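# Next one to model:
(2 chains)
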2 protein chains.
Amino acid sequence: MNQSNLTADIANFVTHLECSKTGQEIPAGTVQNLSPDGAPILVRYDLDRVKKALTKEKLAARPTDLWRYRELLPVSAASHIVSLGEDMTPLIPLDNSLGSNVIVKDEGRLPTGSFKARGLVMAVSMAKELGLKRLAMPTNGNAGAAMAAYARRGGMEAYIFCPDDTPEVNVREIALQGGKVWRVNGLINDCGKIVADGEQPMGWFNLSTLKEPYRIEGKKTMGLELVEQLGWDVPDVIFYPTGGGTGLIGMWKAFDELEQIGFIGSKRPRMVAVQATGCAPIVDAWEKGLDHAPLWENAHTVAAGIRVPIAIGDYLILEAVRDSGGFAIAVEDEAIIEAQIHIGNEDGLLLCPEGAATAAAYSQALEQGLINTSDRAVLFNCGNGLKYPMPPADASIDRHQPIDWSAIASV
Amino acid sequence: MNQSNLTADIANFVTHLECSKTGQEIPAGTVQNLSPDGAPILVRYDLDRVKKALTKEKLAARPTDLWRYRELLPVSAASHIVSLGEDMTPLIPLDNSLGSNVIVKDEGRLPTGSFKARGLVMAVSMAKELGLKRLAMPTNGNAGAAMAAYARRGGMEAYIFCPDDTPEVNVREIALQGGKVWRVNGLINDCGKIVADGEQPMGWFNLSTLKEPYRIEGKKTMGLELVEQLGWDVPDVIFYPTGGGTGLIGMWKAFDELEQIGFIGSKRPRMVAVQATGCAPIVDAWEKGLDHAPLWENAHTVAAGIRVPIAIGDYLILEAVRDSGGFAIAVEDEAIIEAQIHIGNEDGLLLCPEGAATAAAYSQALEQGLINTSDRAVLFNCGNGLKYPMPPADASIDRHQPIDWSAIASV
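Model (predicted):
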């Protein structure tokens, strides 16, 4: 239900913005990209006051969109909310294919068909709150689609730059949702450079991953929702497709905030960063025990959403993975495609390649003894499988000819 | 939330099946396609008992998937439910493009990306309840995708026949979700003939639109949800993209049942059947005052989902339209495309062509004085816009060259 108006009278609990590296405080309401030290910014709340203001019972009575968590979100007035109906996404157990202990959180059901909607609805709503009129970002596709949709809905301009091999469906949806979109002969970091270069001449605000404070707050709601859906419990392990890592960082922040307001205890899920073998900078850094992940050269994978050669929040991802007792794991493209077919065929659930990567990683981790079948595992299917190429099916039949039913039966 | 287990202990209130033409009763639990008189079958409930068993308060406390309406649904045990997370779909006002009185119910957010999931989750769950193992249907794409997904999830075989110009995305998703799919050189009625012919030799159960009792019960939930979302009120007018018409018939049945259990009064929305000028049998029959709509020759429209040349439930559609004081209206393909672009650009909402047809019909009806801007109108976007071809966007930029920002600004 799109009833964010029902949470209209909820107070705002933001105290300040904070540099994720130095802890330096920046006043709430500042229009800011990175911190003065060039690091991602985290939004901080008065969690003691939230603890007094919010109860599980209050939450239970609210509409099921992500705005139910308003006390833990940065938007200060309901009138700034630019919504397309961000309803809670379902948990779907993979009974037939991987077992009933494996649950998919199906983020493909969000507006614009991906979890990018969570981050962008928050960033664009805050852009509206802060009076910004022109937004820009680099994208591998889904983030740009979400930004275009919310920006136009909020009456803002959207400038979007994507690698020239971005799937046609993404480029077209961006344009149809009113975004101005350019294909760039390069990867997402090359597109990011163009957006950064254009900040002065174009006067746009840069919404690049982790280069503004609010997308992480939107992605955080994945963790809030998941825990509420599990009856205020955490799963044993979370497999997360990791490109820029905003969602992983956001969920980790969510669990911490939930503990501080007394909604959960100190138990945490093991956070698993899933990447593709063709682009695995975080896995490489994790294996080598590094805090930062150097640029991955010649990045390639069928899972375009996790083809991110360098992540500005690398140390935050690695920290969450380590602190949670989790791990980083890379899967082959072949395993991704196999997992997609297996789960589609057996459970009728169409995963996107990045979601299928988490399923492949689950099986691989099981095989390597990193997890057990008794672990309650959550896989994040970050996008709607319909947005991606699928293997062809090419059986045909001539209605003018007598039909050979035995041939049909043997397919 | 996929928590259908929480409604596990709800009793079943089905009394019998009923021929929609003669009223002849058929015992509940009979495996039946059409009635003995060749007409669609309606499921009947003991609404007096439902009235005593169900309250609005009880409903409000339940999970937000369509199984919350279990007392008004045919499935007799929660263990028969084959679910992929059929969560309530959001209502999205078109503030920027058509005005805040115009609300889209975005059915593209359902499993497999269309409202067909509602009908098929019910029909396949009932197939499981009745012990069926092999299902078949003709489809223009989305229904087949939903059937394949639910059938495989329920451990059944799915045989699907579609016109040979069915969009590739549909054929592929059906196959990837484990369905056996054939392209047929004909239209959906030709595919329907193949499915009918195969009933004996193949032993499959025919799930064609309105040729089994339960899809209509699933589609009915659109009406139940809508009224609950509007605070147990009906809108003034509903624009519904009409092919086989199951949803329109189902919603009309839902309103009647809701009145009988005391949840709403006698007020009804005006039901508007929207078709394309290239395939408008219902509009033609409505204008001529007929009870049945003859086969439409040379059917064609960009909105493939409403390219249905003949509808077995034609008289039920026409009856609901007439009884509601509504009308049937046909729109040109050009108007459909224009509406899709306009709403995408202004409101960031990507409609499917059939959903865009309802928006075009709204504007046309307004122009013709059939409705007023003060009417609260609900448009049904029956599928996810991402499943459909979109106009191309082809701006590109060379990262190796200095960027001409003034050229970017002028796009």
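# how about the helices of chain A, start to end?
Secondary structure of chain A by DSSP state H: the helices cover A:47-53, A:56-60, A:116-129, A:142-153, A:168-176, A:188-197, A:199-202, A:215-229, A:246-260, A:281-288, A:314-323, A:333-347, A:353-367, A:405-409.
# So which of those is nearest B:H80?
Of all these, it is helix A:333-347 that lies closest to B:H80, at 17.0 Å by CB to CB. In this view, the C-beta of every residue, glycine as well, is placed from N, C-alpha and C.
# Buried ones in stretch A:84-95, by neighbour count?
Using 16 or more other CB atoms under 10 Å in any protein chain shown as the test for burial, stretch A:84-95 gives A:L84, A:G85, A:E86, A:D87, A:M88, A:T89, A:P90, A:L91, A:I92, A:P93, A:L94.
# And for stretch A:231-240?
Of all the residues in stretch A:231-240, those buried under the rule 16+ other CB under 10 Å are A:V234, A:P235, A:D236, A:V237, A:I238, A:F239, A:Y240.
# of the buried residues of stretch A:84-95, closest to B:P201?
The closest of the buried residues of stretch A:84-95 to B:P201 turns out to be A:L94 (CB to CB; 34.4 Å).
# That closest one pairs with what?
A:G99 (DSSP bridges).
# Go ahead and confirm it touches A:K105.
No. No contact is recorded between A:L94 and A:K105 when judged using CB atoms under 8 Å, the distance being 11.7 Å.
# Quickly list what's touching both of the two.
Residues touching both A:L94 and A:K105 (CB atoms under 8 Å, 6 or more residues apart in numbering or on different chains): A:L379.
# For the residue in the stretch 151-300 of chain A that chain B sits nearest to, give its distance to B:G344.
In the stretch 151-300 of chain A, the residue that lies nearest chain B is A:A175 (3.2 Å; CB to the nearest CB). Note on A:A175: its distance to B:G344, by CB to CB, to the nearest Å, is 9 Å.
# more crowded one of those two?
When neighbours are counted by other CB atoms under 10 Å in any protein chain shown, A:A175 and B:G344 differ, and B:G344 comes out ahead with 26 against 23.
# Neighbours of the residue nearest to that one when sequence neighbours are not counted, how many?
Computed as CB to CB, 6 or more residues apart in numbering or on different chains, the closest residue to B:G344 that is not its neighbour in sequence is A:L176, at 4.2 Å. For A:L176, the tally of surrounding residues (other CB under 10 Å) stands at 25.
# Pick the most buried one from the helices of chain A.
Greatest average neighbour count among those goes to helix A:142-153 (a mean of 31), per mean count of other CB atoms under 10 Å in any protein chain shown.
# Give me the distance from that helix to the chain's centre.
Distance, stretch centre to chain centre, for helix A:142-153: 14 Å (CA atoms, centre = their mean, to the nearest Å).
# from the buried residues of stretch A:231-240, which ones fall inside strands?
Under the assignment DSSP state E, the buried residues of stretch A:231-240 contribute A:V237, A:I238, A:F239, A:Y240 to strands.
# circling back: spatially nearest residue to the residue of the stretch 151-300 of chain A closest to chain B, not counting backbone neighbours?
B:A393 (3.2 Å).
# what comes up buried for stretch A:374-394?
For stretch A:374-394, the neighbour count (16+ other CB under 10 Å) marks A:375, A:377-388, A:390, A:393 as buried.
# Hmm, which of those is lowest in pLDDT?
Lowest model confidence among the buried residues of stretch A:374-394 falls on A:A393, which carries 78.
# thought that one was touching B:R172?
Yes. A:A393 lies in contact with B:R172 (CB under 8 Å); the separation is 5.9 Å.
# hey, what's in contact with both of these two?
In terms of CB under 8 Å, 6+ apart, A:A393 and B:R172 are not both contacted by any residue.
# Give me the neighbour count for A:D165.
A:D165: 12 neighbours (other CB under 10 Å).
# any idea of the pLDDT on it?
pLDDT at A:D165 comes out at 89.
# what's near enough to touch it?
Not one residue lies near A:D165 by CB under 8 Å, 6+ apart.
# What's the separation between it and B:A158?
Using CB to CB, A:D165 is found at 34 Å from B:A158.
# So which residues on the stretch 201-350 of chain A come close to chain B?
Counting by CB under 8 Å from any CB of the partner chain, the residues of the stretch 201-350 of chain A close to chain B are A:P201, A:M202, A:Q229, A:Q340, A:I341, A:G344, A:N345, A:E346, A:D347, A:G348, A:L349, A:L350.
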